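Trainee: Need coordinates for the following:
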Amino acid sequence: MNYDFPDALTVTCEGPVRIVEINRPDELNAVDEKLHRALATVWRQLAADTDAAVVILTGAGRAFSAGGDLDWITSFLDDPVARDESIREGAEIIDEMLRFPLPVIAAVNGPAVGLGCSIAVLCDVVLMSEKAYLADPHVAVGLVAGDGGAAFWPLLTPILRSREYLYTGDRIPAATAVELGLATRVTAADELLPEARRLAGRFAAQPAQALRATKRVVNMYLTQALGGPMQAGFAAEVATMQSAEHRDRLTALRKSASRQKEPT
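Mentor: Here you go, the predicted structure:
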């Protein structure tokens, strides 16, 4: 199987296991336009790989994914066509992950923020390095967490707990993520990928038809439960993308990030 993706997303074959790596380490694997498109289309290519049985999703370098690339997101302020396309692709990413037939193990090696957090939590098993954390800071930049958090977290966590983290955007340490139901378990940093590979091997050895059908039934429940909230979430996110408050918050955040990158 020949996978066709930009360098920002790599697929490595290890027997029946496919390791998908988000590969923009210098940008903490922030998602730009090309990577966003790749994350929307990778699932169909993986599903067409008849030799694949399990997928491990992880990030290169220090982060799983820092969320949306600030330069790309800022471009939406004056480009409604790009903004609307990003929303359409965001919905496609979630839909494709929920429909994907193979088990997916997230090996969360570092920060998983915003879209990165949503992608991690949508996986079938979420293994987190003890150094990793989750966060969804949409509200802090004047946005509704339409690409997963507001719609998806309440299915997994006590609503009173998830509200606090969604409203504040605070970091959720790995152990707390497990306690809340947003992650499966914590591993030592150097054991994360070995443990993901061990678990992938166990999944690959299971009867394929039974495993895939079990995932389909579980995700059928999730898909039905998410239908209304996800549509409402994306509509609300588009509305907040056009607000003056979002423009001000995002512009200030981008300026702050640019100053931190300047040489001293």
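Trainee: give me the element the residue nearest the centre of the chain is part of.
Mentor: When the chain is reduced to its mean C-alpha position, the nearest residue by C-alpha atoms, centre = their mean turns out to be residue 119, at 1.9 Å. Using DSSP states H and E, residue 119 falls within helix 115-121.
Trainee: just checking, next helix/strand downstream of that helix?
Mentor: Immediately after helix 115-121, counting by DSSP H and E, sits strand 125-129.
Trainee: and that following strand, C-alpha only, in CSV?
Mentor: Provided in CSV are the C-alpha atoms of strand 125-129 (Å, rounded to 0.1, in the frame of the first residue of the first chain):
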residue,chain,number,x,y,z
VAL,A,125,-7.6,3.4,23.4
VAL,A,126,-5.7,6.5,24.8
LEU,A,127,-2.3,5.8,26.3
MET,A,128,-0.7,8.9,27.8
SER,A,129,2.9,9.5,28.8
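Trainee: Please identify the buried residues of that strand?
Mentor: Neighbour counts over strand 125-129 (16 or more other C-beta atoms under 10 Å) mark 125-129 as buried. From N, CA and C alone the C-beta is placed, and that goes for glycine too.
Trainee: tell me what that strand is packed against?
Mentor: strand 104-108, helix 174-180, strand 185-187, helix 192-205 (3 or more C-beta pairs under 8 Å, 6 or more residues apart in numbering; DSSP states H and E).
Trainee: so can I have JSON lines of those showing mean pLDDT, distance to residue 25 and mean neighbour count?
Mentor: Output for those, formatted as JSON lines (pLDDT from 0 to 100; distance: least, C-beta to C-beta, whole Å; neighbours: other C-beta atoms under 10 Å):
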{"stretch": "strand 104-108", "mean pLDDT": "98", "distance to residue 25": "15", "mean neighbour count": "27"}
{"stretch": "helix 174-180", "mean pLDDT": "97", "distance to residue 25": "20", "mean neighbour count": "18"}
{"stretch": "strand 185-187", "mean pLDDT": "98", "distance to residue 25": "20", "mean neighbour count": "18"}
{"stretch": "helix 192-205", "mean pLDDT": "98", "distance to residue 25": "15", "mean neighbour count": "17"}
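Trainee: Take the ones you listed and lay them out in JSON lines including distance to residue 38.
Mentor: Output for the helices and strands packed on strand 125-129, formatted as JSON lines (distance: least, C-beta to C-beta, whole Å):
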{"stretch": "strand 104-108", "distance to residue 38": "15"}
{"stretch": "helix 174-180", "distance to residue 38": "26"}
{"stretch": "strand 185-187", "distance to residue 38": "27"}
{"stretch": "helix 192-205", "distance to residue 38": "21"}
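Trainee: and residue 87, which of those is closest to it?
Mentor: strand 104-108 (23.0 Å; C-beta to C-beta).
Trainee: circling back to that earlier point, as JSON lines, the buried residues of strand 125-129 with pLDDT and distance to residue 70 would be great.
Mentor: Converted to JSON lines, the buried residues of strand 125-129 look like this (pLDDT from 0 to 100; distance: C-beta to C-beta, whole Å):
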{"residue": "125", "pLDDT": "98", "distance to residue 70": "30"}
{"residue": "126", "pLDDT": "98", "distance to residue 70": "26"}
{"residue": "127", "pLDDT": "98", "distance to residue 70": "28"}
{"residue": "128", "pLDDT": "98", "distance to residue 70": "25"}
{"residue": "129", "pLDDT": "98", "distance to residue 70": "24"}
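Trainee: What average pLDDT does the helix or strand where residue 253 lies get?
Mentor: Secondary-structure element containing residue 253, defined by DSSP H and E: helix 244-261. Helix 244-261 shows a mean pLDDT of 86.
Trainee: Start the count at 209 instead of 1 going forward.
Mentor: Understood, numbering begins at 209; the last thing we discussed is helix 452-469.
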